[in-house]
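Colleague: quick one: sequence plus predicted model below, questions after.
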Amino acid sequence: MRIFFEDKHILVVWKEAGIAVEDANIAKSDLVSELKKHLGGGYLGVVHRLDMPVEGLLCFAKTKEAAAALSKGLSHGGLNKNYHALVCGKVKEESGRLVDYLSVKKLVPKGGKSAIISNEKDPEAKKVILNYKVIGSSSVEENIVTLLDISIETGRFHQIRAQLSHMGNPIVADRKYGNELSEKMARLMGVRNVALFADRISFIHPLTGERMEFEYIPENKYVKELIQ
């Protein structure tokens, strides 16, 4: 965990891959537990989340008033998150807008949930929208990986991972929505967790009204090389 910003109202932190934002199992460490230790008690509001294998920036509230304001901003476009993703293969278009319908299914007998790309006739499906732009591509032992800049217009469960996989370009090391190629690329590149990074966040400060923007380039060497 790395704290980027803290005042009396909010915390902006970088979550490492492999740690949960919250975990019902008290025997396991999670980000909320670490932050509560840092604060030494008091209120901590979870405004938004990241999947356990995904790393990136998160904003937390230190007061109920700040939590309400940030949650409202998240619902009305005042809190924006942008991502980079390393995907398998060459992406056909330099930029695009993916519009799909996604439903969430329980996994039996394994437990847990999975996002399924469905269609608008599915009563359980909800519309999901993702925008992407190609930043660059790199060759890894005769295979291509592409770095995408991503923004989302909706925030659904596993949306980015499911939509990119459905497009035919699964994220490297995504063992839930990937395929043999994404697993192979993970081994070749030495990537252990899903190569999806929530590396930019912006929002209106809930008390001062100031526009806050944070950005961090992930340590992944392929991301660094393609961004520069």
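Modeller: Cool, the structure landed.

Colleague: give the buried residues for stretch 189-202.
Modeller: Met189, Val191, Asn193, Val194, Ala195, Leu196, Phe197, Ala198, Asp199, Arg200, Ile201, Ser202 (16 or more other Cβ atoms under 10 Å). No exception for glycine: its C-beta is placed from N, CA and C like everyone else's.

Colleague: which element, helix or strand, includes the last one?
Modeller: Under the criterion DSSP states H and E, the helix or strand holding Ser202 is strand 196-204.

Colleague: the closest residue in space to Lys224 that isn't next to it in sequence: neighbouring residues, count only.
Modeller: When the adjacent residues along the chain are set aside, Lys224 lies closest to Ile217, with 6.0 Å between them (Cβ to Cβ, 6 or more residues apart in numbering). When neighbours are defined as other Cβ atoms under 10 Å, Ile217 has 13 of them.

Colleague: in this protein, which spans are strands?
Modeller: 2-6, 10-15, 45-46, 55-61, 79-88, 95-106, 113-117, 126-140, 143-152, 196-204, 211-215 (DSSP state E).

Colleague: so the first one versus strand 196-204, what angle?
Modeller: Computed with axes from the mean of the first three to the mean of the last three Cα atoms, to 10 degrees, the direction of strand 2-6 lies at 10 degrees from that of strand 196-204.

Colleague: swap in the fourth one?
Modeller: Here strand 55-61 runs at 30 degrees with respect to strand 196-204, directions being taken by the same axes, to 10 degrees.

Colleague: so how far is strand 55-61 off the chain centroid?
Modeller: Chain-centre distance of strand 55-61: 10 Å, with Cα atoms, centre = their mean, to the nearest Å.

Colleague: helices or strands up against it?
Modeller: Helices and strands touching strand 55-61, by 3 or more Cβ pairs under 8 Å, 6 or more residues apart in numbering; DSSP states H and E, are strand 10-15, strand 45-46, helix 64-75, strand 79-88, strand 196-204.

Colleague: adding mean pLDDT, write the ones you listed out as TSV.
Modeller: As requested, those are arranged in TSV below (pLDDT from 0 to 100):
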stretch	mean pLDDT
strand 10-15	97
strand 45-46	96
helix 64-75	92
strand 79-88	96
strand 196-204	96
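
Colleague: among these, which is nearest Ser114?
Modeller: strand 196-204 (16.2 Å; Cβ to Cβ).
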